[in-house]
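S.K.: take a look and give me a structure for this.
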Amino acid sequence: MNRPHENLLPMPGTEPLLELDEASVMLGARHVLDRLSLRIRLGEHTALLGANGSGKSTLVKLIDRQLYPLARDDGRPSVRIFGRDRWSVAELRGLLGIVSPAQQADYAGEHGLTAYDAVVSAFFAARVPGLDQRIDAAMAARAGEALARMHVAHLAERPLASLSTGEARRVLIARALVHRPRALLLDEPCSGLDLVSRRHFLDALRELAQAGTTLLLVTHHIEEIVPEIGHVAMLRHGRLLHHGAKHALLDEARLGETFGQPVQVERRGEWYWATLR
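M.R.: Below you'll find the model as predicted:
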């Protein structure tokens, strides 16, 4: 078994996407992230694995600038994204798209909002296009292109609230894609999807990865780790247990340690499944 924080990956000559250097977050008197150090480079499709309560959601909020880490004693930044520790949220959204079930829930009350409007409003950092906001031809074209990439162009005029969970989630990824981000952070993206919808959704993610968009997939289901994702980071109790190549880490010992229960792992081609023993 590799030691905690041991990195099994070669260091590729690409620029950093995410750098955490002993990042800590406290909620009340409890550390929900405890001196977490992790480096992911652009082009390294990575799954962030952990049980409920492992710190995954807190990590997403840290990257999304909803939370900020505790200040380090030496004054050094503990979180850098694309090599920088200071970002405006709007500027960061142009490089890193974020999609989550919580984001989808925010649209639940927008009954008249069409899928197209939900996508094109991203240009204005708004949930709904304003009456005084002009959508030019370039914006309309990019919105249409993003919907087509996620195979939901035929749903453009449908109310977002009328779509299935999987369809709506693909629309929200299209919303993130209008900025042509370099990476996507997907927080439990298959939550609420049935088996067929999940497979269609994962196929769409594979196409994005193959086209060059770096994927950061946050999940506790290893069967959602598409073959294009070659790296995993395993969290438990707010700490990094392991980070490295997927094929080296997705075994029964490390997954059992990550989830706190004995598991049985099965590999079928480039896909993995895990069940409790």
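S.K.: show me where the stretch 51-200 of the chain has its helices.
M.R.: All helices of the stretch 51-200 of the chain, identified by DSSP state H, counting those that start in this stretch, fall at 56-63, 89-93, 101-106, 115-120, 137-149, 165-177, 195-210.
S.K.: can you lay out these as TSV showing mean pLDDT?
M.R.: Formatted as TSV, the helices of the stretch 51-200 of the chain follow (pLDDT from 0 to 100):
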stretch	mean pLDDT
helix 56-63	92
helix 89-93	85
helix 101-106	80
helix 115-120	94
helix 137-149	95
helix 165-177	93
helix 195-210	94
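S.K.: to residue 249, which of those lies closest?
M.R.: Closest to residue 249 of the helices of the stretch 51-200 of the chain is helix 56-63 (CB to CB; 16.2 Å). To be clear about C-beta, it is placed using only N, CA and C from the backbone, and glycine gets the same treatment.
S.K.: from residue 65, how far out is the closest residue to residue 85 other than its chain neighbours?
M.R.: Counting by CB to CB, 6 or more residues apart in numbering, residue 85 lies nearest to residue 77, which is 3.5 Å off, once chain neighbours are set aside. Distance of residue 77 to residue 65, given as CB to CB, to the nearest Å: 13 Å.
S.K.: any idea how the protein splits into domains?
M.R.: 12-95+182-277, 102-180 (automatic domain parsing).
S.K.: what backbone torsions are found at residue 231?
M.R.: Note on residue 231: its backbone torsions stand at phi -130, psi 150 [degrees, to the nearest 10].
S.K.: skip the chain neighbours and tell me the closest residue to it.
M.R.: Nearest residue to residue 231, sequence neighbours excluded (CB to CB, 6+ apart): residue 46, at 4.4 Å.
S.K.: ramachandran angles for that neighbour?
M.R.: Main-chain dihedrals, residue 46, degrees, to the nearest 10: phi -130, psi 140.
S.K.: look up the closest residue to residue 270, ignoring the ones flanking it.
M.R.: Of all residues not flanking residue 270 in the chain, residue 227 sits nearest, at 3.5 Å (CB to CB, 6+ apart).
S.K.: that neighbour reaches residue 272, doesn't it?
M.R.: No. Under the criterion of CB atoms under 8 Å, residue 227 makes no contact with residue 272, lying 9.7 Å away.
S.K.: when the two are compared, which one has more neighbours?
M.R.: The residue with more neighbours, out of residue 227 and residue 272, is residue 272; 21 against 14, by other CB atoms under 10 Å.
S.K.: how about the helix or strand encompassing that one, which residues are buried there?
M.R.: Using DSSP states H and E, residue 272 falls within strand 271-276. Using 16 or more other CB atoms under 10 Å as the test for burial, strand 271-276 gives 272, 274.
S.K.: can you list the strands that it pairs with?
M.R.: strand 263-268 (antiparallel) (DSSP bridges).
S.K.: what does the strand it pairs with rub up against?
M.R.: With CB atoms under 8 Å, 6 or more residues apart in numbering as the test, strand 263-268 has contacts from 222, 250, 251, 252, 255, 256, 272, 273, 274, 275, 276, 277.
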